[in-house]
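**Q** Below are the sequence and a predicted model; questions follow.
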Amino acid sequence: MSTAEPPGIQVDGVSRAFGAVQAVAGLSLTAPQGQVTALVGPNGCGKSTLMLMLASLLAPDAGSIRILGHDPQVDTDATRRAVGWMPDQFGAWDSLQVAEVLEVMGRAYFLPRPQLRERIGVLLEQLDLASLARTPAHVLSRGQKQRLGLARALVHAPQVLILDEPASGLDPAARKRLLGIVRGFAADGGTVLVSSHILTELEEMADRVVFMDQGRQTGQASLQELAERPQRWRVRSLDASSLWRALDAAGVHRGRVHRTDPEPEGYAEVTLDLPDEKVAALLLADLVTHDGRIVGFGPAAGRLESAYLASEAARRQGAL
Ligand SMILES: Nc1ncnc2c1ncn2[C@@H]1O[C@H](COP(=O)(O)OP(=O)(O)OP(=O)(O)O)[C@@H](O)[C@H]1O
């Protein structure tokens, strides 16, 4: 990518209030092309409001938004062509069949009919909706509606994909499909901004994360950077005395080790805080060398979850 290319999404000092509620308050963030950026924050922190503004459906009170260099309020048509938006609630398409929803959407973007028909065929296959093509949208299950919502967002082959809670209601196979579609979209150079409260899932999907709280950005990092932060690790062994001997031999101070309560039957399980994944890898090698009879070794929580739980928002919610 040349350095002259604009980011897929650039937000600077954006605010939006609804009456007395300041939903977004001086927020800045960047979502680069070719990457999946996760948007993480507690309920009501302003994620959906921000996404509506990015999709040109709501005007900011202040600040600047650029979608591939376009201002959504000025270059509205160009923004809407560039953006595929999947809201957290499915709209009122109840009288249409599944394929018709996509046809109506595609025609709104003036796609030529043969091209649109082909595109709809591909999307119905990709999202496992082909057998439901002639089913009225109102009889779809929640997860099927979510899949149609994603197909609708993709129908005009956008360059920027904005997904609000896309995985909610999806079964495991559909989640896997979603993951593949989103990763493929970014691998083809697209920009993705995705919000979700299911952090394990976002961790698989995202390259970067932006944390939001009370309408502001409170931090951003790549998933790689999160791996270099201190984290709690869980160690399981077949046998307690072997584990403690190996921990001693590896030079781990006993005061740093927490016993798991209750202890799993027949196993010993402990947790300890380690500064980063490199130290974790060295410790695992040591414990194996000293015959700790290790059967499990991994982070007690995901990278994203650990980073979120360490945030002010989580502390305020009493998550710790
Ligand atoms: N149309 C509206 N009128 C009045 N208040 C609104 C409106 N839309 C959003 N809000 C308020 O703005 C704040 C931010 O809401 P928003 O939906 O953007 O949060 P969110 O981060 O998407 O939440 P969630 O994680 O629960 O989906 C909330 O306090 C909400 O009640």
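**A** Good, I have the coordinates.
**Q** neighbours around Glu103, how many?
**A** Using other Cβ atoms under 10 Å, Glu103 has 18 other residues around it. C-beta: built from backbone N, CA, C; applies to glycine.
**Q** Check the one 5 residues further on too.
**A** Ala108 has 11 neighbouring residues, counting by other Cβ under 10 Å.
**Q** where's it relative to Val40, distance?
**A** Plainly put, Ala108 is 31 Å away from Val40 if you go by Cβ to Cβ, to the nearest Å.
**Q** okay, His253: pLDDT?
**A** pLDDT, His253: 86.
**Q** quick one: low-confidence parts of this protein?
**A** Along the chain, segments meeting pLDDT under 70 span 1-3, 90-93, 261-264, 318-320.
**Q** Relative to the ligand, which residue of the stretch 51-200 of the chain is the closest?
**A** Nearest residue of the stretch 51-200 of the chain to the ligand, counting by Cβ to the nearest ligand atom: Asp88, 6.1 Å away.
**Q** just checking, that residue is part of a strand?
**A** No: secondary structure assignment (DSSP: H, G, I helix; E, B strand; the rest coil) places Asp88 in coil, not in a strand.
**Q** In this structure it contacts Gly169, no?
**A** No: using Cβ atoms under 8 Å, Asp88 is not in contact with Gly169; the gap is 10.3 Å.
**Q** before we move on, back to that, give the contact list for the residue of the stretch 51-200 of the chain closest to the ligand.
**A** Going by Cβ atoms under 8 Å, 6 or more residues apart in numbering, Asp88 touches 48, 164-165, 168.
**Q** taking these one by one, which sit in helices?
**A** Of the contacts of Asp88, the ones assigned to helices by DSSP state H are Ser48.
**Q** Of the contacts of Asp88, which are in range of the ligand?
**A** Contacts with the ligand within those, as defined by Cβ under 6 Å from any ligand atom: Ser48.
**Q** give me the number of residues near Met193?
**A** If you look again at residue 193, you'll see it is Leu, not Met. Each residue near Leu193 was counted by other Cβ under 10 Å, and the total is 28.
**Q** Who is it paired with across the strands?
**A** Thr37, Ile162 (DSSP bridges).
**Q** contacting residues for it?
**A** Neighbours of Leu193 in contact, by Cβ under 8 Å, 6+ apart: 8-9, 31, 37, 39, 51, 54, 160-163.
**Q** Look at the closest residue to His138 other than its chain neighbours and give its secondary structure.
**A** Nearest non-adjacent residue to His138, counting by Cβ to Cβ, 6 or more residues apart in numbering: Asp94, 3.8 Å away. Secondary structure assignment for Asp94 (three-state DSSP): coil.
**Q** doesn't Val139 make contact with Asp94?
**A** No: counting by Cβ under 8 Å, Asp94 sits too far from Val139 to count as a contact (9.1 Å).
**Q** show me the contacts for the residue nearest to His138.
**A** Counting by Cβ under 8 Å, 6+ apart, Asp94 makes contact with 136-138.
**Q** Give the buried subset of the residues you listed as a ChimeraX selection command.
**A** For the buried members of those, the matching ChimeraX selection, counting by 16 or more other Cβ atoms under 10 Å, is:
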select :137
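**Q** Could you chop the protein up by domain?
**A** Domains of the chain are assigned by automatic domain parsing as 9-221, 228-308.
**Q** deepest of these, which one?
**A** Burial of the domains of the chain is given as mean neighbour count (mean count of other Cβ atoms under 10 Å); domain 9-221 ranks first at a mean of 18.
**Q** Quote the end-to-end distance of that one.
**A** With Cα to Cα, to the nearest Å applied, domain 9-221 spans 16 Å between its terminal residues.
**Q** And the strands in the stretch 101-250 of the chain?
**A** Along the stretch 101-250 of the chain, the segments classed as strands by DSSP state E, counting those that start in this stretch run 160-164, 191-195, 208-213, 216-222, 231-237.
**Q** can you list contacts of the first one?
**A** Just to be clear, that refers to strand 160-164. Residues contacting strand 160-164 (Cβ under 8 Å, 6+ apart): 8-9, 31, 47-48, 51, 54-55, 67-68, 82-88, 150, 153-154, 182, 185, 190-195.
**Q** cool, and the third one?
**A** Strand 208-213 is contacted by residues 27, 29, 31-32, 35-42, 45-47, 50, 202, 217-223, 226, 304, 307-308, 311-313 when judged by Cβ under 8 Å, 6+ apart.
**Q** Swap in 7 Å and give it another go.
**A** Applying Cβ atoms under 7 Å, 6 or more residues apart in numbering, the contact partners of strand 208-213 are 29, 35, 37-42, 45-47, 217-223, 304, 311-313.
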